[in-house]
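S.K.: Need a 3D model of the sequence below.
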Amino acid sequence: MEAFPQPLRMSRDNIIRATPSYLVIDKPADMKIDLPLVKSAYNNEITTTPTPPEQTVQSNLQTLFPPSSPLESSTPPSQRFRWCHQLDSATSGLMLIGLSKEFTRRASKAFEERRVKKKYLAVMPVGVVSSSSMANNIVTITKEDFDRVWGSVTTGYAVEANKSKNKNKNNNNSSNQKGPGYRPASSFFEQWKMRRLSKRSDITGTDSDTEADAIAALRWKDINININTITNTKNGKKRKNRVVDVHLLWKKKFEDEAAEFNNNRTSSSSSMDEPPPPPPPPPLLPLLFRVSNETENEEKVDCQSFYINAPISSVTGKFEMVLRPSDMPLVTSPTSVEFYASHCPTAAAATLSFKPSLTRVTILEVGEFGTKLQLEPMTGRRHQLRLHCIAAFGREILGDYTYSVNRSRGEVDRMMLHAKELKIEIGDEILEVMGGDPFVV
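M.R.: Have a look, this model is predicted:
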């Protein structure tokens, strides 16, 4: 591996836990996980290398854990260190890395199924969190109402997402109308085939054992892919077969016959099988709310905790995510609202698709240099914590260059967001890791 001109940014102190199956590391701030792969070259991979070479988590791990065998030496880096989840390059903190394909698959599935709890530390600018206007906007709801409404929102979104994911599978497919009594076109072909074989005659009415054998060997798949030749078993040559040609001409007849049958079946049963009316849409959760008598691990949740409910959308061709302007009541400057809500031309607004996003916030400490928060994402949208702080407090996290109006980090040299705790259920095992606190306010 090419040596870096500067010392490695990671050391063995950044390795929080190491097992044969996985690593848990403390990722430094402002470090990418890896660099994008382009065409095949070295071991089927080549990484774009800037000048001077940029340090990444992957390159540092390759140096800290050099290959111990010729087999490992020939293994591409992405197959030695497998990312179970992502952290923004500007964010520091705990990151889980798989060392085997099986562990990575199980861990990634746990993230997908939300069997993971993560807690972050963030620092907001001085005076922002104590704003009285923010406190006045927090609504208190019961635990029962929260469970019912949020469950309806996420279930409804999951159903719609699943429909969208699978909409192309059944597109232009008559099986969309499947139900009791449904018959595909192939069943009418098989019915005709049995009738012809029972007469032991070809389509012209003359007895022919050869053509009867051809009918017996013919399958609906053969017609469906327009195969109009069969192999003569005696000399191995392919020859035209009149029976198959006739079948090809009849293919549309079988499909039309099936369509007529299924349409009649549907119309005759439509009065009995009418779907129930859709349920009324669930009530909406407020932007900021607190859940009364909420407990976690049988302990009452800190009274300084509340939730941020602000849907987030990606933007075609943009790295930044966006909020709805209605979810930013504390961003009073029209310029700021326009910047935060849309990093794209107005024409691209039609491509936005806002997904449910929820974060629990706990105010930990109000200090001289800022206010320290604990952020617990209940969903996993990109840049969720960064945008939710804007929605709740009207300002970006201290040092967040990407979402600052003037594209500046201010008086700090990094974004003040750190992944502190990670708890994940992988089968019967619960992996729980707690990191340190790098922020002093």
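S.K.: going forward, measure contacts between C-alpha atoms and count neighbours the same way
M.R.: Noted.
S.K.: Tell me which residues touch the nearest residue to residue 31 once chain neighbours are set aside, please.
M.R.: Closest residue to residue 31 in three dimensions, ignoring its sequence neighbours and counting by CA to CA, 6 or more residues apart in numbering: residue 89, at 4.9 Å. Contacts were defined as CA atoms under 8 Å, 6 or more residues apart in numbering; by that measure residue 89 touches 29-33.
S.K.: Shouldn't residue 89 be within a helix?
M.R.: No. If the criterion is DSSP: H, G, I helix; E, B strand; the rest coil, then residue 89 is coil and not within a helix.
S.K.: Distance of it relative to residue 400?
M.R.: Noted for residue 89: a distance of 12 Å to residue 400, by CA to CA, to the nearest Å.
S.K.: How about residue 68?
M.R.: Counting by CA to CA, the separation of residue 68 from residue 400 is 40 Å.
S.K.: May I ask you to confirm that residue 423 belongs to a strand?
M.R.: Yes. When the secondary structure is assigned by three-state DSSP, residue 423 falls within a strand.
S.K.: what residues are up against it?
M.R.: Taking CA under 8 Å, 6+ apart as the contact definition, residue 423 lies against 116-118, 430-433.
S.K.: If we use 6 Å, what do you get?
M.R.: Contact analysis of residue 423 by CA atoms under 6 Å, 6 or more residues apart in numbering lists 116-117, 431-432.
S.K.: which stretches of the stretch 201-350 of the chain aren't confidently modelled?
M.R.: Within the stretch 201-350 of the chain, the segments meeting pLDDT under 70 span 201-218, 221-250, 265-283, 295-303, 342-350.
S.K.: Using the neighbour-count criterion, name the buried positions in stretch 54-64.
M.R.: Across stretch 54-64, burial judged by 16 or more other CA atoms under 10 Å covers 55-61.
S.K.: cool, and stretch 314-330?
M.R.: Residues of stretch 314-330 classed as buried: 314-315, 320-324, 327-330 (neighbour count, 16+ other CA under 10 Å).
S.K.: Farthest-apart pair in the residues you listed, please.
M.R.: Pairwise distances across the buried residues of stretch 314-330 (CA to CA) peak at 22.9 Å, for the pair 315 and 330.
S.K.: between residue 68 and residue 400, which one's more packed in?
M.R.: When residue 68 and residue 400 are compared on other CA atoms under 10 Å, the one with more neighbours turns out to be residue 400, at 23 against 8.
S.K.: just checking, residue 93 touches residue 27?
M.R.: Yes. If you go by CA atoms under 6 Å, residue 93 and residue 27 touch, sitting 5.0 Å apart.
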